[in-house]
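Student: predicted model follows, preceded by the sequence.
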Amino acid sequence: MTRTPEQQQEPPGREAQMQPAADHGERSYVGHGRLEGKKTVVTGGDSGIGRAVAIAFAREGADVVVSYLDEHDDAQETARWVEDAGRTAVLVPGDLAEATVCERIIDTAVEKLGGIDVLVNNAAYQRTYERLEDVSEEEWQRHLDINLTAMFRLCKLALAHMGPGGSIINTSSVNSDQPKPTLIPYSVTKAGIANFSASLGSQLAARGIRVNSVAPGPIWTPLIPSTMPPDQVEGFGKATPIGRPGQPAELAPVFVLLASDEASYVIGARIAVTGGTPIL
């Protein structure tokens, strides 16, 4: 992709305002029936990585519940691509910090799709702070509520409806073990996600339910221009060995693999999609 110019959006960001536009696989992803008939839930599915995952899942034969905050235009665009693939898309707006929203997501999946085979905890909250003193108690708690507690709640609720062959995929980050000093709350939660996923994967292996995490590097999503200073957005991702940020479409195949029955021996793993930056 071309070099990202300086730009700024209001959180949580919108796809239509991104320059250049991100690639979610709309024109490129080709499915091969690897998730045929699976009932899936994707949080943060309105845009970015979540949209790419929803599109790929649908083209692989899955129906998708798309959870999102309030970006209705982006969510409707995701739903359009899912339905264009001939699959069911169900939109569930709401703040994941609220326990009732987590309950509604799972209840909706059971009611509208008939169960849950795959849960993708992808939604995330991120803000940039120059000093620890700039992080308020409320902001610290917001990171924990969205990135960790919602994942805990959704996993716990979904397990009541998942059986052998089920898959839980949580989005961690390269920041989980290479934290940036300006992203302390975010990095802490991403490390927690990696640890949670490995621990839960070991616990659920005997039940035939696989838990794994994906660790993206710098990926071009609305989260970037809406949560980082413009000068950090300019040239975003250029420090990776590949020399550019990743596109959401480049994450989707990894999620498809982990959701598929082909990954039957992949448990508690953290898969790096970082443009060559190693994870520890």
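Tutor: Done, it's in. Quick caveat: nothing in here was measured; it's all calculated off a predicted structure. Numbering: from 1, shown residues only.
Student: please count neighbours and contacts with C-alpha atoms only from this point.
Tutor: Noted.
Student: what ranges do the helices span in the stretch 151-280 of the chain?
Tutor: Per DSSP state H, counting those that start in this stretch, the stretch 151-280 of the chain carries helices over the ranges 184-204, 223-227, 230-233, 252-259.
Student: distance of G94 relative to R270?
Tutor: Per Cα to Cα, to the nearest Å, G94 is found 28 Å from R270.
Student: looking at these two, which is more packed in?
Tutor: Legend: neighbour count by other Cα atoms under 10 Å for G94 and R270, higher for R270 (24 against 17).
Student: and that one, how far from P245?
Tutor: Per Cα to Cα, R270 is found 20 Å from P245.
Student: do G268 as well
Tutor: Taken as Cα to Cα, the span from G268 to P245 is 26 Å.
Student: W81 now?
Tutor: Taking Cα to Cα, one finds W81 at 24 Å from P245.
Student: between those two, which one's more packed in?
Tutor: Using other Cα under 10 Å as the criterion, W81 and P245 rank with P245 on top: 23 against 20.
Student: is it true that that one touches K238?
Tutor: Yes: using Cα atoms under 8 Å, P245 is in contact with K238, at 6.7 Å.
Student: what distance separates the helix or strand of the chain at the bottom of the mean pLDDT ranking from the middle of the whole chain?
Tutor: Lowest on mean pLDDT, DSSP states H and E among the helices and strands of the chain sits helix 223-227, with a mean of 83. Distance, stretch centre to chain centre, for helix 223-227: 15 Å (Cα atoms, centre = their mean, to the nearest Å).
Student: where in the stretch 51-200 of the chain is pLDDT low?
Tutor: Scanning the stretch 51-200 of the chain for pLDDT under 70 picks out nothing.
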